[in-house]
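Trainee: Build me a model:
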Amino acid sequence: MRKMKQVLFVAAPAPVLALLLLGTAATPAAGAPPPDPAAIVKRAIDYWRGRSSYTLMAMTVHRRDSERQSVTRAWTRGAKDALVRFVEPARDAGNATLKLGDDMWVFTPRLNRVVKIPFSMMASSWMGSDFSYNDLAKSDQLVVDFDDRVTSTETSDGHIVYVIEATPHRSAPVTWGKEVVKIRDDDLLLEQTFFDQDGKPVKRMSARAIGMLGGRRYVTRLRMAKLEAADEWTEIDYRDARFDLDLPDGLFTLSNLRNPRPQWERPPK
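Mentor: Numbers count the residues shown, from 1 in each chain. Below is the predicted model of the structure:
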């Protein structure tokens, strides 16, 4: 696996385009209706996952005195179901995470155990990375559990970028005090910043490269970084992606989590 020089969820090299995430303010067309922030967020989520998807990803977890790499395969169905399985290195191969609706389980081959992740652990690190179980589980949470509003617009590579502040509903089961996302007008999510309950930014997920994957323009490299620890981040590099696949129902089951069916988990052609 190629060692990356510098994260989610979340890869052979794809064409790299520099992102100007902080551009000049964009001027909306005269008489244009105000953008619907919830619709912008939902379109970005739907575009990212498609009706269903398969991705092959390389993940690098970087720390001040160490760096480790792994490779995963992931499948998604709709907005709430997902399976992620590690294939490299050998010591991690077979470790897997399954999300069904609002529930999540992990399987560890060494222990031969399936463990359900309780809500109290959802904010903890996923596989030692800077992504949490919450980050993996989020799906359409920004639409369902948050009030979204467009606070400003920017320009990036000739596109309008919507800056959207997402504030959780009073009773929503969420970790963060608020989130701020930047979504381009072609539905690419360029940046997501997570704030604690005191309004202090804690970590940021940002697009590092854009290319073509699965027949669509896609963020091919993502980094999740702690804002108070410059030497700690996780980068995910997408090597392959396919969308709108006919995936078998048995793929997203506890049985397959523990005993994977090769015929279901072969990379699609």
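Trainee: and for whichever strand or helix holds Asp135, what are the contacting residues?
Mentor: With secondary structure defined by DSSP states H and E, Asp135 is part of helix 133-137. Counting by C-beta atoms under 8 Å, 6 or more residues apart in numbering, helix 133-137 makes contact with 8-9, 82, 84, 97, 99, 102, 104, 117, 121-124, 126, 174-175, 205, 224, all of which sit outside it. In short, each C-beta sits where N, CA and C put it, glycine included.
Trainee: Go again with 6 Å.
Mentor: If you take C-beta atoms under 6 Å, 6 or more residues apart in numbering as the criterion, helix 133-137 is touched by 8, 99, 104, 117, 122-123, 126, 175.
Trainee: Return the members of those residues classed as buried.
Mentor: For the contacts of helix 133-137, a burial check counting by 16 or more other C-beta atoms under 10 Å picks out 8, 99, 104, 117, 122, 126.
Trainee: my guess is the second one meets Ala79, correct?
Mentor: No. Counting by C-beta atoms under 6 Å, Lys99 sits too far from Ala79 to count as a contact (10.6 Å).
Trainee: So, low pLDDT: which residues of the chain?
Mentor: Low-confidence segments of the chain (pLDDT under 70): 1-33, 137-139.
Trainee: mind checking the longest helix of it?
Mentor: With residue count as the measure and DSSP state H as the assignment, the chain has helix 37-49 as its longest helix.
Trainee: which element follows that helix toward the C-terminus?
Mentor: For helix 37-49, the succeeding helix or strand toward the C-terminus, using DSSP H and E, is strand 52-63.
Trainee: Next, the buried residues of that following strand.
Mentor: Within strand 52-63, the residues that qualify as buried are 52-62, counting by 16+ other C-beta under 10 Å.
Trainee: before we move on, what about stretch 67-84?
Mentor: In stretch 67-84, the ones that count as buried by 16+ other C-beta under 10 Å are 69-77, 79-84.
Trainee: With stretch 195-214 instead?
Mentor: For stretch 195-214, the neighbour count (16+ other C-beta under 10 Å) marks 195, 203-210, 213-214 as buried.
Trainee: would you turn those into CSV with distance to Pro267?
Mentor: What follows is these, written out as CSV (distance: C-beta to C-beta, whole Å):
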residue, distance to Pro267
Phe195, 38
Lys203, 31
Arg204, 31
Met205, 26
Ser206, 28
Ala207, 24
Arg208, 24
Ala209, 22
Ile210, 23
Leu213, 13
Gly214, 12
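Trainee: ranges for the strands of the stretch 101-250 of the chain?
Mentor: Counting by DSSP state E, counting those that start in this stretch, one finds strands in the stretch 101-250 of the chain at the ranges 103-108, 113-116, 146-156, 159-168, 178-184, 189-195, 201-213, 216-226, 233-243.
Trainee: Which one of those strands lies nearest to Phe252?
Mentor: The closest of those to Phe252 is strand 103-108. By C-beta to C-beta, the value is 11.0 Å.
Trainee: number of nearby residues for the closest residue to Leu98 other than its chain neighbours?
Mentor: Using C-beta to C-beta, 6 or more residues apart in numbering and skipping residues adjacent in sequence, the residue nearest Leu98 is Leu257, 4.5 Å away. Neighbourhood size, Leu257 [other C-beta atoms under 10 Å]: 19.
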